[in-house]
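# Have a look; sequence and predicted model below, questions after that.
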Amino acid sequence: MPEKQKQIAKKALGQHFLKDRRAINLIAGAIPEGSSAIEIGPGPGAITESLLDRVGSLTVIEKDDRFAAHWSEIAQARGHLSVVHGDVLKVLNDTVASVKPEWIVGNLPYNISGPLTAQLAGYPLSGGMVLMYQREVGDRIMSGPGSKVYGGLSVLARHHYRVKRLLLLPPGAFSPPPKVHSVVLLFTPHGETPACEYSALQKIVRKGFMHRRKTIANNMKGVLSAEQLGAIGIDPGKRPEQLDYGSWVAMALAANAV
């Protein structure tokens, strides 16, 4: 692929290519040598090239026809690289089930980072995830109960993982520069067996955060009554952003038992 073509980002795909060498080294360096990994949206390959020098096997998921063709060509000479050409939201489940990666890495497209994270957080990887976000989304994922930005992703991320910030990046670290700062988060397994299924938690979180300004009793109408909430130790007058991960698990278990 011509170098000039490799650098042209497609706005419709939410592409912003990382060019900051320190960030690239830190992201790739977070993946232990010899690991198996999936990279989401490799693009022209700033992170990919570094990963290929470290990992035992790498599968890249790429929607952009240009880059899918480019990496497929590279894969012919690099036996530990494979390419999945498709929309990550549609192919991720099958790819994870097939590859069984220890790690997932990605500079996530900003326009799908919410639903994509809700999907990613459900995989109990043995290694973890290194994911890049628009700062606003990253702050939401890391926030705790009581925060104005605490929400569904904050709860879901805690099902299998502990989350910490690796680095904050200015717009100039990318080409083209986005209008916002970006953040790289490290997800590492907390090692505890979740008390409920991820799908059940996801369902209750979606229902519970449907109207942030309403009480949890209002949001849970038709699923759990105020009396049922009280019976599991949850104040029905609280708002969803006041409830910690354990409370959401308790609601998921209670809803399944009804």
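Received, thanks.
# Let me see the ranges of the strands in the stretch 151-258 of the chain.
Using DSSP state E, counting those that start in this stretch, the strands of the stretch 151-258 of the chain run over 161-169, 174-175, 182-189.
# Out of those strands, which gets nearest to residue 196?
Closest approach to residue 196 among the strands of the stretch 151-258 of the chain is made by strand 161-169 (15.6 Å; CB to CB). Quick note: C-beta positions are derived from backbone N, CA and C, even for glycine.
# Give the pairing partners of the closest one; include direction for each.
Sheet pairing for strand 161-169, assigned by DSSP bridges, gives strand 182-189 (antiparallel).
# So what's the gap between the partner strand and the chain middle?
Strand 182-189 has its C-alpha centroid displaced from the chain centroid by 9 Å (CA atoms, centre = their mean, to the nearest Å).
# Enumerate the positions of it that are buried.
Neighbour-count burial for strand 182-189 flags 182, 183, 184, 185, 186, 187, 188 (criterion: 16 or more other CB atoms under 10 Å).
# Quick one, grab the pLDDT at the residue positioned nearest the centre of the chain.
Note on the chain: the residue nearest the mean C-alpha position is residue 117, at 3.2 Å, using CA atoms, centre = their mean. Looking at residue 117, its pLDDT reads 98.
# Grab the nearest non-local neighbour of residue 102.
residue 127 (3.6 Å; CB to CB, 6 or more residues apart in numbering).
# Name all residues that make contact with that neighbour.
Applying CB atoms under 8 Å, 6 or more residues apart in numbering, we find residue 127 in contact with 31, 32, 35, 37, 101, 102, 103, 189.
# Tell me who's in contact with the last one.
Applying CB under 8 Å, 6+ apart to residue 189 gives the contacts 124, 125, 126, 127, 128, 160, 161, 162.
# Could you check how far the residue of the chain positioned farthest from its centre is from residue 220?
Residue farthest from the centre of the chain, counting by CA atoms, centre = their mean, is residue 227 at 35.0 Å. Using CB to CB, to the nearest Å, one gets 11 Å for the distance from residue 227 to residue 220.
# Also residue 233?
For residue 233, the distance to residue 220 (CB to CB) stands at 14 Å.
# So between the two, which is more surrounded?
Using other CB atoms under 10 Å as the criterion, residue 233 and residue 220 rank with residue 220 on top: 24 against 9.
# Please tell me I have it right and the more buried one contacts residue 207.
Yes - look at residue 220 against residue 207 with CB atoms under 8 Å: they come within range, at 6.7 Å.
# Give me the domain ranges for the chain.
Per the record, the chain has its domains at 3-189, 198-257, by automatic domain parsing.
# Check what pLDDT residue 28 gets.
pLDDT for residue 28: 95.
# got a pLDDT number for the closest residue in space to residue 199 that isn't next to it in sequence?
Counting by CB to CB, 6+ apart, residue 199 lies nearest to residue 122, which is 7.6 Å off, once chain neighbours are set aside. Looking at residue 122, its pLDDT stands at 98.
# what residue ranges in this protein score low on pLDDT?
For the chain, the stretches with pLDDT under 70 are 1-16, 258.
# can you give me the helices for it?
3-6, 21-29, 46-52, 65-75, 88-99, 113-120, 135-142, 152-157, 198-208, 216-219, 226-231, 245-257 (DSSP state H).
# Please identify which of these is closest to residue 166.
Proximity to residue 166 (CB to CB) singles out helix 21-29 among the helices of the chain, at 6.2 Å.
# What subset of the contacts of residue 127 is buried?
Here, 16+ other CB under 10 Å leaves 31, 35, 37, 101, 102, 103 buried among those.
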